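In: Just a sequence and a predicted model for now, questions to come.
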Amino acid sequence: MIKSVLRGFALATALSAVAFAAAKNPTVGGAAMFDSKNIIENAVNSKDHTTLVAAVKAAGLVGTLEGKGPFTVFAPTNEAFAALPKGTVDTLLKPENKATLTKVLTCHVVAADAMAKTVAKMIKDDGGEHDIKTVGGCVLKAKENMGKITLTDENGGVSHVTIADVKQSNGVIHVVDKVLLPKM
């Protein structure tokens, strides 16, 4: 009887620890995000990021985003990709457009671990707008309004961070509602 109670207690403690670990991060696309997993390991579980994951695979960036980092990824949702002009995603996913796809995707990645609080401080320190240089060579203009961060791409397109601070083992993901495009 005592062994059964102890086993039950141990099981309850283990389940509570799992629930607590999942609670530290917001859920994304209906999936728990774990700070012990890397960007790719978490992203593949989000039903809102299937297009992004397919694009990352097509561009050959899986190994990079599984790497040590740190990386900050501004992760567009499926809806963000769907809002691009008709046929854009299909065209970008073609093998002959890999360089362009890679450029678009790497304009969503920063070689740093930048939590929203850090980005907000940089915005404030720079007088209301902070330039964020991406690994793809793009410059995003970050602004904050009422606790919400927006990013303006090189074409004037504005994306809103809808879910911030999704901690990863190799950085952080901020979910965004628009694909950020480089000047072409």
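Out: Structure received.
In: Phi, psi for I40 please.
Out: Per-residue torsions, I40: phi -70, psi -40 (degrees, to the nearest 10).
In: Would you mark the buried spots in the longest strand along the chain?
Out: With DSSP state E setting the assignment, residue counts place strand 158-168 as the longest strand in the chain. By neighbour count on 16 or more other CB atoms under 10 Å, the buried set for strand 158-168 is S159, V161, T162, I163, A164, D165, V166, K167, Q168. Any C-beta I mention is one placed from the backbone N, CA and C, and that applies to glycine too.
In: Now do the contacts for V166.
Out: Contacts for V166 (CB atoms under 8 Å, 6 or more residues apart in numbering) come out as N25, P26, V28, M33, N42, V172, I173, H174, V175.
In: how about the third one, phi and psi?
Out: Read it as V28. Phi and psi for V28, reported as degrees, to the nearest 10, are phi -130, psi 130.
In: Please apply the same query to the fourth one.
Out: Listed backbone geometry of M33 is phi -110, psi 130, with angles given as degrees, to the nearest 10.
In: Name the nearest residue to it, ignoring sequence neighbours.
Out: Of all residues not flanking M33 in the chain, N25 sits nearest, at 4.2 Å (CB to CB, 6 or more residues apart in numbering).
In: from memory that neighbour sits against A31, does it?
Out: No: with contact defined as CB atoms under 8 Å, N25 does not count as touching A31 (10.3 Å).
In: Give me the more crowded residue out of the two.
Out: Using other CB atoms under 10 Å as the criterion, N25 and A31 rank with N25 on top: 20 against 16.
In: Can you classify that one as helix, strand or coil?
Out: coil (DSSP: H, G, I helix; E, B strand; the rest coil).
In: Show the model's pLDDT score for it.
Out: The model reports N25 with a pLDDT of 88.
In: worst-scoring helix or strand of this protein, pLDDT-wise?
Out: helix 2-23 (a mean of 40; mean pLDDT, DSSP states H and E).
In: follow-up on the earlier one: list only those of the contacts of V166 flagged as buried.
Out: Buried residues within the contacts of V166, defined by neighbour count using 16+ other CB under 10 Å: N25, V28, M33, N42, V172, I173, H174, V175.
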